[in-house]
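Colleague: Starting from these lines, generate the structure:
(chains A and B)
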Amino acid sequence: MRAFLVRRVAFALVLVACASSTAFLLTRAAPGDLATLLGPLAKAGEVAALRERFGLDQPIIVQWAHWASRAVRLDLGESFLYNRPVISVLGPAALNTAILAIVALTLATASGIFLGVVSGSGGRTVARTVIRLLSALCVSLPPLLTSLIFVFIAARTGIVPAGGMSSASAGDLSWAAWLADVAWHIPLPALALALPIAATFERLQSQALTEVVDQPFVTAARARGVPGPALIWRHAWPASLRPICAVLGVAIGVLLSGSFVVEYVTTWPGLGRLMYEALRARDIYLVAGCAAAGSALLACGTLAGDLLLAAVDPRVREETGA
Amino acid sequence: MRRAGIGLLALVGLVAILAPWVAPNAPDRAFADLFSAPPTAVHVWDGGPRAPFIYRQRMVSRLEKRFETVVTERIPLRWFDGGRLVTGAPDAGVPLLLLGADGYGRDIFARLVHGSRLTLALALIATLGATLLGGLVGGVSGYAGGRVDLLLSRVTEFVLVLPAIYVVLALRAALPLVVPPRTVFLSLAGIFVVLGWPTVARGVRAIIASERSRDYVSAAEALGAGSARVLLRHLLPSARGHLLMQATLLLPAFILAEATMSYIGLGFPEATPTWGTMLQDAANAALLGDAPWALAPAGAIFLVVLAVNLAVQGAGRGPVQLDR
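Modeller: Numbers count the residues shown, from 1 in each chain, chains lettered A, B, ... in the order given. This is a model prediction of the structure:
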């Protein structure tokens, strides 16, 4: 188990380093830099001073080496856009994205598994047909579309706020009130993000359960007189969990990619939005920082997914030599 | 269900090819007094059955974008006129707006139909590229084995675990923000191929690696076939099913990717109609909660993704794959 963990953490570190360096070098190599922010009327001296302050006057490799040597000490440089250290801008944004992703994943897993069990356990044909129809529709509704449609509905009906993470006055609120405010804003983006994943989980769970229900140990339990719901939830369901746990890691990747678009549409102040702004402003240190944080979140998520799979399925533990 | 999916895809393809003929108006023509106008209703009854006709829509309030229908004058639809299937009287200010007008007064249906060309062409070309590259890399990796296999597999795995959207953004960042449509087309296609090939390659590698020990491969080699011939003529056909399956997964993913990039302003310029650029207008309408017809491009994307899913899986519940 330890060797497995060490290998995975090392791989995650390489991933973070490569992703952020690539982002850094590509953004740096792109035409136009920070100096364009000064406008066309800026004096040559001003431009030169600005470039020198942020190290933009050096060759690209030298600049990268400087950045990398500080980055390993978790000093990601200074953001031009916010005039603050990248880390201090990155932290809240990464947290917001993580909150959104975790809520969406919980929502998707809970509803996907429950509906999958209902539609996969046989009987109750009306519920089954409705669930299957809905999930067939939702699989074809990616977050880009769901978030647009939800924002439209929210704007028209006013049931929940159409965007943002908190109200304008949130700064003055107490901790509990702020939390309630965020909870008021989160259903829309979380649901938009969760729907397609919930539909996929529903399918997987339904398929897996249909297969398990036919197995001898379930028949044996039924013969002993175990009543219907207990038969499904206590006996059949735990044995059918593997497929969902197996795609959990991928689902987290999907979630992080999808959250970019949802954040953009619903103006959720997360990592995706931040990276987009940084990119438009050619804020290379912030772009690299966002790429690093994004890949770190992804690596954490995949690792958590793998560990969960190992916890649920003994066969995986054996393979990894635990 | 399967047939319905394939039929729907064929219809979308046909409409895209025949776009200039199907669209009632030019996609870039802005009707000055019809900003965000609702869809034109087509009537066939006015005291008695009539040939299909429409009424003029007059703007009542520019600020609130309210319109009223002028029912005093019937304007008959013109069929097969001026190289179009059907059209209203655009020159008299009474165009046939099947899906209403966008914020600039342009015909949404016409833009949708014309936009499908660029969107679908980009997705098709990127899918083709990713499938070919993936097939080739996977094939070489599986057939050569040893160190080549190890190296190619590591690269494949690495690209596979990269957070796709951040890589797309970073790659796109290497270009100026505003570029002509042709450059956008080529660069987006390139970026999609770079991110799309690994899923294909991984599967192809597994298939080829298991096939290469079969007798027919040894037979071909014994007959003096070179390794390129063995790989391309004998081994790769066995991965045909996998390639086709992956292509159907990549196509909707790429349509979405184009839509996302154009929507956030890093894809095609606003004036070029694609489903992504049209979504910008849809987002404005969504935020204001009016003009639901502006969400039409979202509907178009949904239809195509649904059609692909139906065509692949039918009513049966085949395996599903999450794609990024």
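
Colleague: Can you list the buried residues in stretch A:48-68?
Modeller: Buried residues in stretch A:48-68, defined by neighbour count with 16 or more other Cβ atoms under 10 Å in any protein chain shown: A:Leu50, A:Phe54, A:Leu56, A:Gln63, A:Trp64, A:Trp67. Every C-beta, even on glycine, is put in place using the N, C-alpha and C of the backbone.

Colleague: And for stretch B:138-153?
Modeller: Of the residues in stretch B:138-153, those with enough neighbours to count as buried (16+ other Cβ under 10 Å) are B:Gly138, B:Gly139, B:Val140, B:Ser141, B:Gly142, B:Tyr143, B:Ala144, B:Asp149, B:Leu152, B:Ser153.

Colleague: and chain A, which of those residues reach it?
Modeller: With Cβ under 8 Å from any Cβ of the partner chain as the criterion, the subset of the buried residues of stretch B:138-153 in contact with chain A is empty.

Colleague: I'd like to know which of these is nearest to chain A.
Modeller: If you rank the buried residues of stretch B:138-153 by distance to chain A using Cβ to the nearest Cβ, B:Ser153 comes first, at 13.8 Å.

Colleague: Confirm for me that the closest one is in contact with B:Arg205.
Modeller: Yes. If you go by Cβ atoms under 8 Å, B:Ser153 and B:Arg205 touch, sitting 6.8 Å apart.

Colleague: what is in contact with those two at once?
Modeller: Common contacts of B:Ser153 and B:Arg205, defined by Cβ atoms under 8 Å, 6 or more residues apart in numbering or on different chains, comprise B:Ser141.

Colleague: Pick out the residue of the stretch 151-300 of chain A closest to chain B.
Modeller: Among all residues of the stretch 151-300 of chain A, A:Ala155 sits closest to chain B, at 3.2 Å; criterion: Cβ to the nearest Cβ.

Colleague: which SSE is the nearest residue to B:Val194 once chain neighbours are set aside in?
Modeller: Taking Cβ to Cβ, 6 or more residues apart in numbering or on different chains, and ignoring the residues beside it in sequence, B:Val194 has B:Leu171 as its nearest neighbour in space, at 7.2 Å. Taking DSSP states H and E as the criterion, B:Leu171 maps to helix B:164-173.

Colleague: Show me what that helix is packed against.
Modeller: For helix B:164-173, the packing partners by 3 or more Cβ pairs under 8 Å, 6 or more residues apart in numbering or on different chains; DSSP states H and E come out as helix A:2-29, helix A:242-266, helix A:271-280, helix A:284-312, helix B:181-211, helix B:240-263.

Colleague: Which elements pack onto the helix or strand hosting B:His114?
Modeller: Taking DSSP H and E as the definition, one finds B:His114 inside helix B:108-144. The helices and strands touching helix B:108-144, judged by 3+ Cβ pairs under 8 Å, 6+ apart, are helix B:2-17, helix B:19-22, helix B:146-161, helix B:181-211, helix B:240-263, helix B:275-288, helix B:296-313.

Colleague: gap between the residue found closest to A:Arg273 once you drop the neighbours it is linked to in the chain and B:Ile17?
Modeller: Computed as Cβ to Cβ, 6+ apart, the closest residue to A:Arg273 that is not its neighbour in sequence is A:Glu263, at 4.6 Å. Applying Cβ to Cβ, to the nearest Å, one obtains 37 Å for the distance of A:Glu263 from B:Ile17.
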